[in-house]
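Asker: dropping a prediction and its sequence here:
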Amino acid sequence: MKFQDLILALQNYWAQQDCVISQPYDIEVGAGTMNPHTFLKALGPNPWNVAYVEPSRRPADGRYGENPFRVHKHYQFQVILKPSPDNIQELYLQSLAAMGINLEDHDIRFEEDNWEAPTLGAWGVGWQVLLDGMEITQFTYFQQVGGIDTYPIPVEITYGIERLCMFLGGVDNIFDLPWSDSVTYGDARKREEYEFSKYCFESASIELHNNMFDLYEKEAFRLLEEDLPLVAYDYALKCSHAFNVLDARGAVSTTQRPAYIARVRKLACAVAKQYVAQQEVANHG
Amino acid sequence: MAEFLLEIGTEEIPARMLRRAHKDLRDGLEKVLSDAGLAFDDMESLGAPRQLVVTCAEVQAGQEDRVETVLGPPVKIAYDAEGNPSKALQGFLRTNAGLNPDQLFTAPGKKGDVVAGKVEIKGRQTSEILAEAIPALLAKLHFPKKMRWGNCQEPFVRPVRSILALFDGQVIPFEFAGVAAGNQSFGHRFSGGEPFSVDSIATFFRLKAERHIAVGHEEREAKIQAQIDNHLAPIHGTLVADEALLTEVTDLVESPFVVLGSFDEKFLDIPREVLITSMREHQKSFTVQDHHGKLMPYFLSVASVPQDRQGLVRKGNEWVLNARLYDAKFFWETDRQKNFDDLYNKLDQVTFISELGSYRAKADRLATLCAKMGEQLGYNSEALTQVQHAAKHAKSDLVSDLVFEFAELQGVVGGLLMRHQGQDEAVCQAVYSHYAPNSMDDDLPLNQFGHLVSVADKLDTLVGCFAVGLIPTGSKDPYALRRAAQGIIRVLVEAELPLDLDALVADALQLYRDSAGINPPDDLAQTLQQFCIDRIRHYLRKVRGFDYDVVEGVLAAGHARVDQVYQRASAVAEQQEKDHFRSLSLSLKRMKNVIADEVDKLGAFSEDLLSDPAEQSFWREFTVVRHDIEKAVTEARYEDAMDLMVTLADPAEAYFGTDGVYINVDEDSVRLNRKAMCKEIGLTLGLVADISTLAPK
């Protein structure tokens, strides 16, 4: 199975389920959840179905392109359905069938895993889905986002698509994955993994990132004062990424870490609160 | 009588919550039926990941009709002057429709006679009672964490997707979490076909089985065991037993199918502990060993499928495990190269508890505490160096990759890495096992260095937390300080370490004052002492099973040498049932009472002032054994000491008994001298325990 075929299969399948097929956000994020199409749209009463690929940067997971399983940037396929449909597990399982997995030939299990994103003030209840012992999906009913109780309840389905593709093709090294007929994952991305690993672990300017964190944070709060929560959220994301780079760079001690996380969370929660307030005005005039 | 069957169909309930939930549901239903006065047979509760099931073969179909007496208004105000019903009586008749005014009678009420009547109450149908009770019961069912979904406002452990509720073959009409009860059940998700109708318990179980769901955990566990045995025989392997894992996988599957897979032999280089943990934590797989206990390159995974037609389940699990083991091997090989001094220095960046500084500071304190203990145990300089080295590096593995990946292997990894680097074996074992004991059944650390590091580690956490006010209250004990204290006590007792707990606490406290600049309140040592005494009490009572009286008596004679507390308790318990001991304790109780009011003004005792033959005899007998008792106590031969003490039972009885010596005479010199003698004898006889508290009630 080619990497792009997997993406196409998932996009087609979820498009048929009346999802908006969206695109990645244009700011660095650590997970598809951080895309405003999830983080913000999960809030409030309006129904929302969306699916998209999200390139997700985890600087600390970088391995200079030398580890067959770990990369600083991987791709998530993200689905949000609000409210969660009654047959959501069935819909999900059919998406696996749409990728060519014969469900009767495999062991598919839902094992308890309660997802939490402290920087987003978000948590949910659900499972990790295992395919023959392989973790392929995080399946979560969001209970709170940005510190706000969700209602109706959205369900988030996040597929780790490289791993899924490696597993289905029996490929032992991520860089050997066929992306298209003629290009491998390694052709497209290996050098990038090296450079970003080198940058985040060795070269990134600590002073610059510390400054940027402070500036972005300040700008975000200023934008909230101007009642521009969508723009403020961009700066919250930039803060979060600056923190991740500092962390990978070894510039955040364990004692400082909770303080950074708390600062990003405070920002994310303030954005969520203002966004919800705006929605209420929009809905009720 | 009729059948009752309930199945709550849900999305996958976490394995750890399943058994408690189906038991609670059954208990709740039994209570509903009992409270309604309905007779029923044994109820059975079962469950698999997507269903909570309760069955009962025989339940009374409905309540009996019954006649009850209802009390109305007082006779005085029930009728007007003409003898017609008053407003009050009319109201009573209205609220109890069906009451015939001609059949009223007088009955005694709380404040005088009242008008009363008999009403017939129709018994309710069981189905109706259940329809009302089940939703309320489900709403109240306890789970560690509940959730909401969709548009549903009713929280439950996972979304409810179907309800099967039958009484006497008929649907019990109710709704819960937006789902109406019906007669439908379901089979295995992929090979169980469409939902199906059920009309009885027998069809329910038959159709579930045909559709590949084993509803009971006993059935699933038996299937798993049998399949494991089938796999192991041909490869001559045995299972590395893991009860907790077996329970977990039993409740993770609906249709257990055990897969035997293999992995590359090169991974057998990874230490056994790491291999087992990697398989268990990541893959929930069992490890296989040969008959000599050497690991084999096989694993056993429990899938939730009727069969593995294409072998894909096995292949998939093998692929995943090989990837995991590749990581584990990589971590092991990287960690092996690491220099322990570098690891130790890195601990500077790792917070122990934010108020208490870094793990490196902790490691330094542990080394100091271990040195102090070693000195008290008479260690030579080589042993002191060893134990300090173990303490200094006990926490170094916290910055290894393996412990980052497998937190539960802390300590173990440190020990393995040190051994690999050719460090002293005794030190490796100490580091390896110093987190033990983690529970009451857990073994102690592997050697005495390990015992000392373990005690120092727990003591340092306990004292440090208390010093900054992180003191457990009620059920809240986030730093597990009770368990830490319990661990200290177990090691001191069971490793027979002759160390003074109060002195250890004082040392640990002093270290915080000196090195971390923490200024605990003045009475902290006392607070800690009380906390430790409570844990000793708990240990002796709940773990060692000593009687309340024995424990209290022994603790009254001191607690700090915990090793001796236990030995003293054993010696006292040994004597407890013997007649002489009972008699002696009774005498000592009398003695204590009689001297209590003047005990503070008693001076030296003078043998010359003794006049009564009984007191002279008591004193004489006492002086015969006194030295031997005290010597036995000093040498920790508590049983000998107790044997000697009970030889005084008869002279004590003669002295304190009904025909004995009258102590409270008016003459001060005689009275005070007698009491002084009692006090002196009491001191010696109280060296093992306050025996007076052990007197028969």
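Answerer: Here it is on my side, so go on. Residues are numbered from 1 along each chain as shown, chains lettered A, B, ... in the order given.
Asker: distance-wise, check the residue in chain A positioned nearest to chain B relative to residue A:253.
Answerer: Going by CB to the nearest CB, chain B is nearest to residue A:132 of chain A, at 2.5 Å. Using the backbone N, CA and C atoms, a C-beta is placed for each residue, glycine as well. To residue A:253, residue A:132 is 40 Å away according to CB to CB, to the nearest Å.
Asker: ok, now residue A:35?
Answerer: Applying CB to CB, the value for residue A:35 to residue A:253 is 30 Å.
Asker: looking at the two, which has the bigger crowd around it?
Answerer: Using other CB atoms under 10 Å in any protein chain shown as the criterion, residue A:35 and residue A:253 rank with residue A:35 on top: 25 against 12.
Asker: show me what from the stretch 1-150 of chain A comes close to chain B.
Answerer: A:67-69, A:83-86, A:89, A:93, A:103-112, A:114, A:124-125, A:127, A:131-134, A:141, A:143 (CB under 8 Å from any CB of the partner chain).
Asker: give me the buried entries from these.
Answerer: Neighbour counting over the residues of the stretch 1-150 of chain A next to chain B (16 or more other CB atoms under 10 Å in any protein chain shown) leaves A:67-69, A:83-84, A:86, A:89, A:93, A:105-112, A:124-125, A:127, A:131-134, A:141, A:143 as the buried ones.
Asker: so, low pLDDT: which residues of chain A?
Answerer: For chain A, applying pLDDT under 70 flags the ranges A:254-255, A:285.
Asker: repeat the analysis, applying 50 as the threshold.
Answerer: Within chain A, no stretch has pLDDT under 50.
Asker: break down it into its strands, ranges please.
Answerer: Taking DSSP state E, the strands of chain A run over residues A:20-21, A:48-57, A:73-82, A:108-112, A:116-117, A:122-131, A:134-145, A:148-149, A:155-160.
Asker: tally of neighbours for residue B:623?
Answerer: Using other CB under 10 Å, residue B:623 is surrounded by 11 other residues.
Asker: so it belongs to a helix, correct?
Answerer: Yes: if the criterion is DSSP: H, G, I helix; E, B strand; the rest coil, then residue B:623 is within a helix.
Asker: what about it, distance to chain A?
Answerer: 65 Å (CB to the nearest CB, to the nearest Å).
Asker: state the number of residues packed around the closest residue in space to residue B:146 that isn't next to it in sequence.
Answerer: Using CB to CB, 6 or more residues apart in numbering or on different chains and skipping residues adjacent in sequence, the residue nearest residue B:146 is residue B:155, 4.0 Å away. Residues lying near residue B:155 (other CB under 10 Å) number 15.
Asker: which ones are touching residue B:155?
Answerer: For residue B:155, the contacting residues are B:146, B:147, B:148, by CB atoms under 8 Å, 6 or more residues apart in numbering or on different chains.
Asker: and the first one, its phi and psi?
Answerer: What it means is residue B:146. phi -110, psi 170 (degrees, to the nearest 10).
Asker: check contacts around it.
Answerer: B:155, B:156, B:157.
Asker: go again with 10 Å.
Answerer: Counting by CB atoms under 10 Å, 6 or more residues apart in numbering or on different chains, residue B:146 makes contact with A:125, A:143, B:154, B:155, B:156, B:157, B:158.
Asker: give me the nearest residue to the third one, chain neighbours excluded.
Answerer: What it means is residue B:154. That would be residue B:177: by CB to CB, 6+ apart, it lies 4.2 Å from residue B:154.
Asker: pull the number of nearby residues for the one you found.
Answerer: For residue B:177, the count of nearby residues is 21 (other CB under 10 Å).
Asker: kindly report the same for residue A:277.
Answerer: Using other CB under 10 Å: residue A:277 sits among 13 other residues.
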